[in-house]
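>>> Would you be able to build a 3D model of this:
(one chain, ligands or ions: 1)
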Amino acid sequence: MPLLEVQGVTLTFRGLAALLNVGFSVEKGQVASLIGPNGAGKTSMLNCISGRYHPDEGRITLDDRDLLSMAAHDRVKAGLSRTFQNIALFKGLSVLDNLMVGRHVRLDYGLLSSLFYWGKARRKEDLHRRRIEEIIDFLGLSPYRHQVAGKLPYGVQKRVELGRALAGEPELLLLDEPMAGMNLEETEDMARYILDINEEWGITILLVEHDMGVVMDISDHVVVLDFGQILAAGTPAQIQSDPDVIAAYLGSDNAAFTGR
Ligand SMILES: Nc1ncnc2c1ncn2[C@@H]1O[C@H](COP(=O)(O)OP(=O)(O)OP(=O)(O)O)[C@@H](O)[C@H]1O
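Numbers count the residues shown, from 1 in each chain. Below is the predicted model:
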């Protein structure tokens, strides 16, 4: 059974279809990528999954649970985290506080229960802090932990955002253009982090990314959108040799499909 299943999703803006009868799935444990030309509907698809947009039609399930009937914050509790194309951090808060905010969705005890079950609440708090420390170590954020997030270099902010998403302990992590605006070294670091998150932390990943080298290198499964519709889906090798994809997405520029 797939972890994420998207079936027949249609999303229109003032009568124009941004997504038309889109269906695809992501298996548990995969790194999957959603690619396509500008305006193909990739971010709209992520927005439908995370709850920012509500499709006119279709069904989206996470581990067989119906996401479309849940509010966005309940989807986070159900195991979904995401990052954004334009970094979404609390710019005036420290790195540590940004990660704690990401963790907050897991603080599932209220004030009353904290009073009555202080020991239990404190044990949970310890657990949360340990998890945050693991994320800080893993992403090399120790030197920045008390610094204000908005003043950090761009590549570090991207890592903090990734940390905030990880702090929610997702089953499925949605990444919207994680490499955008990065230089080669930062891109390679980010690709490594994504693979480690997948392999060591066991988190399934769906990313939207324009850097074809990275996509073909790190993905188990690639889904291609074009004009709001699915053009192809398969392994990187299948996608790289798909004539429809080459024609529609890349034109004659086949070089862009070559991995690093
Ligand atoms: N909030 C909105 N209101 C109106 N139209 C929208 C909205 N969001 C997206 N669209 C339209 O939906 C279509 C798909 O946009 P989307 O941003 O999902 O594409 P994309 O594949 O992510 O593009 P890019 O690679 O440039 O980020 C576009 O025609 C866009 O103008």
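
>>> what's near enough to touch Ala248?
226, 231 (C-beta atoms under 8 Å, 6 or more residues apart in numbering). (Glycine included, C-beta is placed from N, CA and C.)

>>> Tell me if whichever strand or helix holds Ala233 is near the ligand.
Taking DSSP states H and E as the criterion, the element that holds Ala233 is strand 229-234. No - for a cut-off given as C-beta under 6 Å from any ligand atom, strand 229-234 has no contacts with the ligand; the smallest distance is 11.5 Å.

>>> Also stretch 39-57?
Yes - for stretch 39-57 and the ligand, the contact criterion (C-beta under 6 Å from any ligand atom) is met by 39-44.

>>> What are the buried residues along that stretch?
40-51, 53, 55 (16 or more other C-beta atoms under 10 Å).

>>> now, which of those sits nearest Thr187?
Among these, Lys42 lies closest to Thr187 (C-beta to C-beta), at 18.3 Å.

>>> Just flag the most distant two among the buried residues of stretch 39-57.
Longest distance between any two of the buried residues of stretch 39-57 is 20.8 Å, between Ala40 and Gly51; criterion C-beta to C-beta.

>>> all helices of the stretch 51-200 of the chain, in order?
Under the criterion DSSP state H, counting those that start in this stretch, the stretch 51-200 of the chain carries helices at the ranges 72-77, 95-103, 111-116, 118-138, 154-167, 184-201.

>>> Any stretches of the stretch 101-250 of the chain with poor pLDDT?
Scanning the stretch 101-250 of the chain for pLDDT under 70 picks out the ranges 105-123, 249-250.

>>> Flag every residue of the protein that's near the ligand.
Taking C-beta under 6 Å from any ligand atom as the criterion, the contact residues of the chain with the ligand come out as 13, 18, 36, 38-44.

>>> for the residues you listed, which one is nearest Ala167?
Relative to Ala167, the closest of those is Thr43; by C-beta to C-beta it sits at 22.6 Å.

>>> what residues does stretch 72-86 touch?
43, 46, 49-52, 62-63, 65, 67, 70, 102, 105, 158, 161-162, 164-166, 168-178, 180, 208.

>>> Show me which of those are buried.
Listed as buried from the contacts of stretch 72-86 are 43, 46, 49-51, 62-63, 67, 70, 102, 105, 158, 161-162, 164-166, 168-178, 180, 208; burial here means 16+ other C-beta under 10 Å.

>>> show me the contacts for the residue most central in space within the chain.
With distances taken as C-alpha atoms, centre = their mean, the residue of the chain nearest its centroid is Leu174 (1.4 Å). Leu174 makes contacts with 46, 49-50, 80-83, 206-207, as judged by C-beta under 8 Å, 6+ apart.

>>> Let's see which of the residues you listed end up in strands.
Among these, the residues falling in strands (DSSP state E) are 80-82, 206-207.

>>> Reformat those as a markdown table; add neighbour count and distance to Val22.
Output for the ones in strands among the contacts of Leu174, formatted as a markdown table (neighbours: other C-beta atoms under 10 Å; distance: C-beta to C-beta, whole Å):
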| residue | neighbour count | distance to Val22 |
| --- | --- | --- |
| Leu80 | 24 | 18 |
| Ser81 | 23 | 22 |
| Arg82 | 24 | 18 |
| Leu206 | 27 | 13 |
| Leu207 | 24 | 17 |
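
>>> from those, which single one is nearest Arg192?
Leu207 (13.9 Å).

>>> Could you pull up the residues touching the closest one?
The contact partners of Leu207, taken as C-beta under 8 Å, 6+ apart, are 31-34, 174-176, 178, 194, 215.

>>> likewise Ala32?
By C-beta under 8 Å, 6+ apart, the contact list for Ala32 reads 26, 204-207, 219-223.

>>> Now for the residues you listed: which two are most distant?
Greatest spatial distance in the contacts of Ala32: Thr204 and Val222, 14.8 Å, computed using C-beta to C-beta.
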